[in-house]
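Asks: A structural model of the following input is requested.
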Amino acid sequence: MVNPGAVISQSAAKDATRARKLQLLGILSGFAAGAWLGAAEAPTKLVTIGVSPVVISLIMVIGVFLARWSLPALLLGTSSIRADVGRAPHLILWALLAGCLWAVANTLTIYAIRDIGLSIAFPLWNSNSLLGILWGFLFFNELQQAGWRRWAGVVGGTLVGCVGAAVLAIASSGQGPAAHSLGGVWAALGAGILWGTMYIPYRKAYLTGMNPLSFVTFFTFGELGMMTALAISTLGVRPLWQELASAHGVMFWLMLGGFIWVIGDLFQQYAAKYVGISRGIPLSNTNQLWGMLWGILVFGELHGRGHATYAQVIGGSLLMMLGVGAIALSSATSKERSRWKDAAQQESDRYGVAPEYVQARMDGRQATGEVPPKRRAVDWILIAGATAVFVGFARIARVPELSIHWGPALALGAAMLILLVTCGLAIWKLTNFN
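Replies: Predicted structure coming up:
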């Protein structure tokens, strides 16, 4: 005779084991996101050779648009996107709003890079970690019943990171032109506020059960629409067209930056889904370290500066990494995860989404009776079209007249590929990209 208590105990143990695996997957996704998001900002250094920040942002968003449709089509197929939208159509509006916030924030980061440099701007806009903790606690029950040790790890780690950011802000004095350095600081902080708020739609989507690959496809319409409106209102139609035409030789690099950013953002989406925005945002903000490495090693941003400046930048970055380490070790307890489920239930009730579907997706599984996604002819057309656009612009691209150290660039690229393969395989094996 089967002992019901033993069956329940085995089921609970299995659920706890899967929850731990999903937590580790979220942490790994956060670090992979940091590597790819950090590298994505490297092409924005083209602002130093006279390309308008608005034009740079618009071209990057075009690359983002192509990637956000072709990558989901490659991994799962657009049939999965249609199925998700049918279950939770309200999330389309939230995705569009998030895309609009991203477009404005991304434009602000380019002004910040122009005025204060890549290695300094990163930690300033990464202040979005503080907002992530606040919004996660207020709206999605994150860190509730987590215990004081988890609170100390997440909040304390974030505050340590802020100290590191402050050290880097001090180092920014004199990094850019004196007339613009303060404006660059404000631009970076403004981007942090917008990006921190952008994660509210992210978390709503994943508590309701939407696949990250589905969410980002509609996110990009908000990005492209808002960025086009910003570019036209800032420059005008004719000047914008003239600047785009004059920048044709570097469009490939900027679009490539957008493509790289999408890969990082997809990892960030999985981090936000499986460890929450209060932990996922600070973990993905390890892009600050990668930004510092690209800025200093590849572009020589601090060349000729004194030892004190190097000590401030490196010391501040290490402080931020120490804070991120504390956050990574502060995994959610079973009590906190139960509070996440309460928040998911509220979203399910509010929008009329089936609870079984929401629970399955929170566990990284397909719901019972859900049809497995398949790639169809339209998916291969999307993939071929996006590839053709990139190949076309690559053929007319020219190497920018920038001082680039190729040895460090290749080493950083290799490290990114290792993270891509490792994390991508882990997501596929554990969740099949759910």
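Asks: when you work out contacts or count neighbours from here on, use the C-alpha atoms and nothing else.
Replies: Noted.
Asks: longest helix of this structure?
Replies: helix 4-40 (DSSP state H).
Asks: helices or strands up against that helix?
Replies: helix 251-275, helix 277-284, helix 287-293, helix 406-431 (3 or more Cα pairs under 8 Å, 6 or more residues apart in numbering; DSSP states H and E).
Asks: if we go to 10 Å?
Replies: helix 251-275, helix 277-284, helix 287-293, helix 307-328, helix 334-351, helix 406-431 (3 or more Cα pairs under 10 Å, 6 or more residues apart in numbering; DSSP states H and E).
Asks: ranking these by burial, who's on top?
Replies: Counting by mean count of other Cα atoms under 10 Å, helix 277-284 has the highest mean neighbour count of the helices and strands packed on helix 4-40, with a mean of 30.
Asks: CA atoms only: put that one into CSV for me.
Replies: Taking Å, rounded to 0.1, in the frame of the first residue of the first chain, the C-alpha atoms of helix 277-284 are listed here in CSV:
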residue,chain,number,x,y,z
ILE,A,277,14.0,41.9,-10.1
SER,A,278,15.4,42.7,-6.7
ARG,A,279,18.2,40.2,-7.4
GLY,A,280,18.1,40.0,-11.1
ILE,A,281,18.8,43.6,-11.8
PRO,A,282,21.9,43.9,-9.5
LEU,A,283,23.3,40.6,-10.9
SER,A,284,22.9,41.8,-14.5
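Asks: which secondary structure elements does it contact?
Replies: helix 4-40, helix 128-140, helix 157-171, helix 181-208, helix 251-275, helix 307-328.
Asks: next one: stretch 130-148 to chain centre, how far?
Replies: Centroid displacement of stretch 130-148 relative to its chain, using Cα atoms, centre = their mean, to the nearest Å, is 19 Å.
Asks: what comes up buried for it?
Replies: 130-137, 140-146 (16 or more other Cα atoms under 10 Å).
Asks: which one of the residues you listed is nearest residue 40?
Replies: residue 132 (21.6 Å; Cα to Cα).
Asks: give the contact list for that closest one.
Replies: 138, 193, 195-200, 272, 276-282 (Cα atoms under 10 Å, 6 or more residues apart in numbering).
Asks: try it again with 7 Å
Replies: By Cα atoms under 7 Å, 6 or more residues apart in numbering, residue 132 lies in contact with 196, 277-278, 281.
Asks: distance of the closest residue to it other than its chain neighbours relative to residue 133?
Replies: Residue nearest to residue 132 in three dimensions, not counting chain neighbours: residue 278, with 4.9 Å by Cα to Cα, 6 or more residues apart in numbering. For residue 278, the distance to residue 133 equals 4 Å [Cα to Cα, to the nearest Å].
Asks: equivalent analysis for residue 268, please.
Replies: Here residue 268 is placed at a distance of 15 Å from residue 133 (Cα to Cα).
Asks: pull the contacting residues for residue 264.
Replies: Contacts of residue 264 (Cα under 7 Å, 6+ apart): 32-34, 36-37.
Asks: let's see it at 10 Å
Replies: Counting by Cα under 10 Å, 6+ apart, residue 264 has contacts 29-40, 258, 284, 287, 420.
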